[in-house]
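1. when you get a sec, could you give me coordinates for this:
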Amino acid sequence: MVSKAVIKHINALKSKKYRYKFLSFIAEGEKIIKELIHSKIVLKNLFLLENDKHLLEIFADVPHTLVNSSELKKMSGLKTPNNCLAEFSFTPQEATEIVTTDWIIVLDEIQDPGNLGTIIRIADWFGISQIVCSENCADVYNQKVVQATMASIARVKICYIDLIDFLSTTTLPIFVADMQGVNYTTIDFPKKGILLIGNEGNGVKVNLVDLAQHIITIPKIGQAESLNAAIATSLICAKIRL
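-> Residues are numbered from 1 along each chain as shown. The predicted structure follows:
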């Protein structure tokens, strides 16, 4: 049995304001929770469906609270609740912690939580451990972002800073993805640099493009108006790591 106060607290974490007040975020589902528990991220609360024997065996050694399906539904942020839900703590990354010894993905106003979560997963796949976001990007601890990362949030560091300040002072070469530019497949990418990806609808802002040394594009063959930001990131990261 879980108290109304606990249910209220978990529901409060669906709001960015309260996530940063309590420095907590929510994750749902066996796979992602299991991976996060075995990472450096600290578990605060784990709620397991009381009649799920499989879960009770998997998390037998982890402190947890049993809940019924009605209670889990009240806490869940998903249309179809999973069989387990967890609260984890986080510490916002500071700009001073940015590592410049490898590639960094920089995101300008990525608004769609699913896109951001997928880009984090893509970075993890290609061994890029740092993402820098503009201050008005989607929140990395939004539950839709967390779920889309499939636990890659535990391995990729994300910080939110003023991109003008960062890009105007970095010593890394900046490659910006744009509709007009050099075919990315012809580029000999260096061992470290910045890949700048823009907003889903408007691309990278002009004042940021002006700070880039290289403007690259993914050649268009068909009639689609634009390419999804996460897909574009994946294609370019594959070439970077070749």
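
2. drop to CA atoms for contacts and neighbour counts, all remaining ones
-> OK.

3. in this protein, where is pLDDT below threshold?
-> Along the chain, segments meeting pLDDT under 70 are nowhere present.

4. okay, strands next: where are they in the protein?
-> With DSSP state E as the criterion, the chain has strands at 24-28, 43-49, 65-67, 84-89, 104-107, 130-134, 157-161, 174-183, 194-197, 214-217.

5. distance to residue 145 added to those strands, as CSV?
-> Below are those laid out as CSV (distance: least, Cα to Cα, whole Å):
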stretch, distance to residue 145
strand 24-28, 10
strand 43-49, 18
strand 65-67, 25
strand 84-89, 14
strand 104-107, 14
strand 130-134, 14
strand 157-161, 12
strand 174-183, 22
strand 194-197, 17
strand 214-217, 26
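
6. closest to residue 150 out of the ones you listed?
-> Of all those, it is strand 24-28 that lies closest to residue 150, at 9.6 Å by Cα to Cα.

7. okay, the angle between the closest one and strand 43-49?
-> 30 degrees (axes from the mean of the first three to the mean of the last three Cα atoms, to 10 degrees).

8. buried residues, strand 24-28. List them.
-> Within strand 24-28, the residues that qualify as buried are 24, 25, 26, 27, 28, counting by 16 or more other Cα atoms under 10 Å.

9. for the strands of the chain, which one sits closest to residue 226?
-> Closest approach to residue 226 among the strands of the chain is made by strand 174-183 (8.2 Å; Cα to Cα).

10. quick one: strands adjacent to that closest one?
-> Strand 174-183 has the following strand partners under DSSP bridges: strand 194-197 (parallel), strand 214-217 (parallel).

11. got the contact list for it?
-> The contact list for strand 174-183 (Cα atoms under 8 Å, 6 or more residues apart in numbering) reads 167, 193-198, 203-204, 209, 211-219.

12. buried subset of those residues?
-> 167, 193-198, 203-204, 209, 211-212, 214-218.

13. mind listing the helices for the protein?
-> All helices of the chain, identified by DSSP state H, fall at 4-12, 16-22, 30-37, 53-58, 69-75, 113-125, 143-149, 163-169, 206-209, 229-240.
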